[in-house]
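Peer 1: Give the three-dimensional model of this entry:
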Amino acid sequence: MMMRPYLTVVLVLLSTVAVCSKQAGIIKICEGHSSKITCSGGTKIHIMKAIYGRTGKDVCPSKAIKTTSCLSESSTCIVKAKCNGKSSCLLKASNDVFGDPCVGTYKYLEVEHICRIAFFFISAVCSKQAGIIKICEGHSSNITCSGGTKIHIMKAIYGRTEKDVCPSKAIKTTSCLSESSTCIVKAKCNGKSSCLLKASNDVFGDPCVGTYKYLEVEHICRMDQQPLKDSSSFEKKISSHLLIFQTFGNCMMMRSYLTVVLVLLSAVAVCSKQAGIIKICEGHSSKITCSGGTKIHIMKAIYGRTEKHVCPSKAIKTTSCLSESSTCIVKAKCNGKSSCLLKASNDVFGDPCKGTYKYLEVEHICR
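Peer 2: Next up, the predicted model:
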């Protein structure tokens, strides 16, 4: 008898989930075309996975198929940033959006999504600290998670998308936001139990000069996820080389193997001859260019100052400052393109050390 109410609750919960997720599915958009994802009944889009490229021949068939194993690494990230939390979202399968992971091959965008209530009532008890905070420009606020849970940032917007939040006479536009908002807040808060945020141009850059802005952050508190135990592809390659060395029983065979490895390394050196590091002094711009059908891949970026002799100046108060979002911003701007113009500016990266003349240092390869 006591089990009956429990079963009733379970059935209600299951039926609720079924209703919430009935619009879930997969859409496939051929290159050059657009399609819309729509969620109704108060539910919102949640992107599970996205692939832009080509992994088979049957989808969007074409004569222009040179490979069936290519995808843009940033596909899921880009689609999540564009659609998550919205009731409707228009997507275009285009190199302009995702870069071109396989030149000469006709591609498509495949997106797996579900429609769900913004915060499931099932997890209301576990995630009761979840919510949205809004911080007016120039002010700060703290996100705190208790009970052993950690912060997980869903979305962040620095700029202005409406008039009612942080009202002011200084509103020139209601359609501006810093593209790096979510990236910066994630880098600062994810995995922590407490995080202090400041709504400031020094942190996010100034996406709309002359408009009074605010920072809006959507977050949840959740238990830490266990890190993946699988080794990285690089570690696997190293392990395979060590296994080969252990297998070879004599020096002659090892010498032959080393010769092959050196030849391969020299070949890689030739293929990556466009790789390098560029340094751009604050206020200046420079371009990264990859030729021969190769595309830019950003390894690391630093905006700030870590040494004196780069972009020398009298205005150096510190040599240990950098914008935490540097790499993320440059990757979003350049990865997968053949050419990319970068500007070393506080408007782009925020100001990590006021009064110090800074520079942007970017390490990249063409591949």
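
Peer 1: Run through the stretch 151-300 of the chain and note the low-pLDDT ranges.
Peer 2: For the stretch 151-300 of the chain, the stretches with pLDDT under 70 are 224-275.

Peer 1: Tell me where it has strands.
Peer 2: Along the stretch 151-300 of the chain, counting by DSSP state E, counting those that start in this stretch, strands occupy 176-177, 194-198, 214-222, 276-281, 285-289, 296-305.

Peer 1: Ok, which of those strands comes nearest Lys333?
Peer 2: Closest approach to Lys333 among the strands of the stretch 151-300 of the chain (C-beta to C-beta): strand 296-305, 8.6 Å. For glycine as for every other residue, the C-beta is placed from the backbone atoms N, C-alpha and C.

Peer 1: Spit out the contact partners of Ala50.
Peer 2: 75-76, 78-80, 109-112 (C-beta atoms under 8 Å, 6 or more residues apart in numbering).

Peer 1: Out of these, which end up buried?
Peer 2: Using 16 or more other C-beta atoms under 10 Å as the burial test, the contacts of Ala50 include 75-76, 78-80, 109-111 as buried.

Peer 1: and which of these is nearest Lys150?
Peer 2: Lys80 (19.7 Å).

Peer 1: Just to be sure, that closest one is in a helix?
Peer 2: Yes - counting by DSSP: H, G, I helix; E, B strand; the rest coil, one finds Lys80 located in a helix.

Peer 1: So which residue is dead centre in the chain?
Peer 2: The chain has Cys77 as the residue nearest its centroid, 5.0 Å off, counting by C-alpha atoms, centre = their mean.

Peer 1: doesn't it fall inside a helix?
Peer 2: Yes - assessed with three-state DSSP, Cys77 lies in a helix.

Peer 1: Let's have the strands of the stretch 151-300 of the chain in TSV, adding mean neighbour count and distance to Cys30.
Peer 2: Conversion of these to TSV gives the following (neighbours: other C-beta atoms under 10 Å; distance: least, C-beta to C-beta, whole Å):
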stretch	mean neighbour count	distance to Cys30
strand 176-177	18	30
strand 194-198	16	41
strand 214-222	21	32
strand 276-281	14	36
strand 285-289	14	30
strand 296-305	21	26
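
Peer 1: Output those strands in CSV; the columns should cover distance to Ser320.
Peer 2: Shown next, in CSV, are these (distance: least, C-beta to C-beta, whole Å):
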stretch, distance to Ser320
strand 176-177, 30
strand 194-198, 20
strand 214-222, 26
strand 276-281, 17
strand 285-289, 24
strand 296-305, 8
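
Peer 1: mind checking which of those is nearest Asn84?
Peer 2: Among those, strand 214-222 comes nearest to Asn84, with 9.3 Å by C-beta to C-beta.

Peer 1: residues contacting the residue nearest to Leu196 when sequence neighbours are not counted?
Peer 2: Counting by C-beta to C-beta, 6 or more residues apart in numbering, Leu196 lies nearest to Asn142, which is 5.2 Å off, once chain neighbours are set aside. Taking C-beta under 8 Å, 6+ apart, we find Asn142 in contact with 194-197.

Peer 1: And the pLDDT for Asn142?
Peer 2: You'll see Asn142 listed with a pLDDT of 90.

Peer 1: Am I right that it sits in a strand?
Peer 2: Yes - secondary structure assignment places Asn142 in a strand (three-state DSSP).

Peer 1: Helices along the stretch 251-367 of the chain, start to end?
Peer 2: Secondary structure of the stretch 251-367 of the chain by DSSP state H, counting those that start in this stretch: the helices cover 251-271, 326-334, 346-349.

Peer 1: Against which helices or strands is the second one packed?
Peer 2: Other helices and strands packing on helix 326-334, by 3 or more C-beta pairs under 8 Å, 6 or more residues apart in numbering; DSSP states H and E, are helix 181-189, strand 296-305, strand 339-343, helix 346-349, strand 359-366.
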